[in-house]
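Asker: Coordinates only, no sequence provided:
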């Protein structure tokens, strides 16, 4: 599922010629979650779309990591402009946007989707001062 969303965006980025590289670091093991595929694809697409919107050059990476507590974490990290400190506390609220593009609903909708699946979503500016990382966790189904 993640690979399909990444490939769609990779194709668009290559046509864009802005100097952005999209890196995909999938988990080395199969991870199974009980979820609505189209809704999780919507979350991943929103995070990738935002990363592309706020990154003029550099990299965007998406990774999945299984945690010991039966959680998977999906992260989208970019080298873009980062999150404005003024908007950070209300980032996942309705109509929360600092750009003139979009409605300010994408992250709000993503939060509701992730929480409906028993997960959490969060964001932070990268420690090196370049860009931001958005991540969400979901419970893993034990086989």
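Answerer: Okay, I see it. Note that the coordinates shown come from a computational prediction; the quantities given were computed from them, not determined experimentally. Numbers count the residues shown, from 1 in each chain.

Asker: the bottom helix or strand of the protein by mean pLDDT?
Answerer: The helix or strand of the chain with the lowest confidence, counting by mean pLDDT, DSSP states H and E, is helix 2-16 at a mean of 58.

Asker: Can you tell me the closest non-neighbouring residue to residue 58?
Answerer: Of all residues not flanking residue 58 in the chain, residue 79 sits nearest, at 3.2 Å (CB to CB, 6 or more residues apart in numbering). Quick note: C-beta positions are derived from backbone N, CA and C, even for glycine.

Asker: Report how many residues lie close to residue 68.
Answerer: Applying other CB atoms under 10 Å, we find 5 residues neighbouring residue 68.

Asker: Tell me the pLDDT of it.
Answerer: As predicted, residue 68 sits at a pLDDT of 80.

Asker: can you give me the strands in the protein?
Answerer: 20-25, 58-67, 71-78, 120-125, 132-139 (DSSP state E).

Asker: what's the closest of those strands to residue 87?
Answerer: Of all the strands of the chain, it is strand 120-125 that lies closest to residue 87, at 10.3 Å by CB to CB.

Asker: how close does residue 55 get to residue 48?
Answerer: The spacing between residue 55 and residue 48, counted by CB to CB, to the nearest Å, is 10 Å.

Asker: what's the longest helix in the chain?
Answerer: helix 37-53 (DSSP state H).

Asker: who does that one touch, helix- and strand-wise?
Answerer: Counting contacts by 3 or more CB pairs under 8 Å, 6 or more residues apart in numbering; DSSP states H and E, helix 37-53 packs against helix 2-16, strand 58-67, strand 71-78, helix 106-116, strand 132-139.
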